[in-house]
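J.: Give me the fold of what follows.
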Amino acid sequence: MDSNIYEVYQDEIQALQEEIKLLTEKYEDIQQEITFFSEEEILKSKESFQREMQGDSKGQECPSDLKVQLESLETDLSFLMKLTGFQFTSHSKKTLEKTGDRTVQKHRLSGSCYSLSFQLEFQLLEMQSKEKVSTAVTDLSIIMKSGEDSGVSKFVSSVEEHGNLITFFRSLSTYAEWYEHRRRTFLHFKTKYPEVVTLPEGLQGDYIVLRNPKLSGFELMIVWKIHMDKEGSTTPVLDLLTKVPEQVLEQKMARVGNVPAQFRSMVLLLGIEAAMENLIKVVK
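T.: This is a model prediction of the structure:
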């Protein structure tokens, strides 16, 4: 064979090999793009899968072990969602670097915990040695709607600085649970005592106002803060503010000044809901 023709073939083979390599890398990146679908999309996929299985088996039921496994997974997922309040709506990852003992992936994750939504973006560095595999989170960025809560903002900044995702999820679950509990409690009392309870900032606010329709100018404000420190510890803090006309104080409400202290004592003794209920009944 002529040497020139041989060299041409060699060049073409090499070019094809390079093209195959590039396509393979692109395919691997696409394969690493993972998406977690919503609950509605999961249910639709499940129904479609069941129809296909029924069609393939010509009317026969799915294997019992497959049904048991599917039901078990659904039960576990439902339990975890109820226990933690988390629902993940999307997640994707992309490999930025990969060598023999080092892998760097970029992750994007969004979801909600009860009624609080969040978005995360971070890089995951994985180092592999003969003894173990170690991982580290870097370039962590967190976006969440926490309003003007400075405690939450400081906590998020601390988590971003240290790249501690476990602390973020654990603390967010506790904070969001108190947040949801406060929202439901306000809704309960607004529904039960609409003539007494008002919500100036809506259900997402941190206080409710109690008014007696028969006493003009008389108001009690129950303030319910949810304090989160820099380490992620969450504590509910309740207080009572009073607004009472001077003539009422002089006549029948001389002891109103002691009501805030008495309310705080009731919270410690009876719990938040019972203390609020008793106060509302007094105002009513």
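J.: The protein - how does it break down into domains?
T.: Per the record, the chain has its domains at 30-44+83-145, 178-283, by automatic domain parsing.
J.: Report the contact partners of the closest residue to R211 other than its chain neighbours.
T.: In space, not counting the residues next to it along the chain, R211 is nearest to E219; the distance is 5.5 Å by Cβ to Cβ, 6 or more residues apart in numbering. The way it works is simple: take the backbone N, C-alpha and C, and place the C-beta from them, glycine included. Residues near E219 by Cβ atoms under 8 Å, 6 or more residues apart in numbering: V209, L210, R211, T242, K243, V244.
J.: got a pLDDT number for E219?
T.: E219 carries a pLDDT score of 89 in this model.
J.: Repeat that for the one 3 residues further on.
T.: At I222 the predicted local confidence, pLDDT, stands at 96.
J.: Just the element for it, please.
T.: I222 belongs to strand 219-228 when assigned by DSSP states H and E.
J.: returning to that earlier point: out of the contacts of E219, who has the most neighbours?
T.: L210 (22 neighbours; other Cβ atoms under 10 Å).
J.: Output the helix or strand that one falls within in PDB, but only the C-alpha positions, please.
T.: According to DSSP H and E, L210 maps onto strand 207-211. Below are the C-alpha coordinates for strand 207-211, written out as PDB (Å, rounded to 0.1, in the frame of the first residue of the first chain):
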ATOM      1  CA  TYR A 207     -48.400  39.000  65.500                       C
ATOM      2  CA  ILE A 208     -52.100  39.000  65.900                       C
ATOM      3  CA  VAL A 209     -54.300  41.700  67.400                       C
ATOM      4  CA  LEU A 210     -57.300  41.100  69.800                       C
ATOM      5  CA  ARG A 211     -60.000  43.700  70.000                       C
END
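J.: on that earlier part again, report the strands that pair with the following helix or strand past the strand holding I222, each with its relative direction.
T.: For strand 219-228, the following helix or strand on the C-terminal side (DSSP H and E) is strand 234-243. Note on strand 234-243: by DSSP bridges, its sheet partners are strand 219-228 (antiparallel).
J.: tilt between the partner strand and strand 207-211?
T.: 170 degrees (axes from the mean of the first three to the mean of the last three Cα atoms, to 10 degrees).
J.: Please name the bridge partners of the residue nearest to R211.
T.: Counting by DSSP bridges, the residues bridging with E219 are R211, K243.
J.: need the strands for the protein, in chain order.
T.: Applying DSSP state E to the chain gives strands spanning 86-98, 102-113, 116-128, 133-144, 197-198, 207-211, 219-228, 234-243.
J.: Please tabulate those strands in a markdown table, including the columns distance to V68.
T.: Shown next, in a markdown table, are those (distance: least, Cβ to Cβ, whole Å):
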| stretch | distance to V68 |
| --- | --- |
| strand 86-98 | 25 |
| strand 102-113 | 28 |
| strand 116-128 | 34 |
| strand 133-144 | 33 |
| strand 197-198 | 49 |
| strand 207-211 | 48 |
| strand 219-228 | 41 |
| strand 234-243 | 39 |
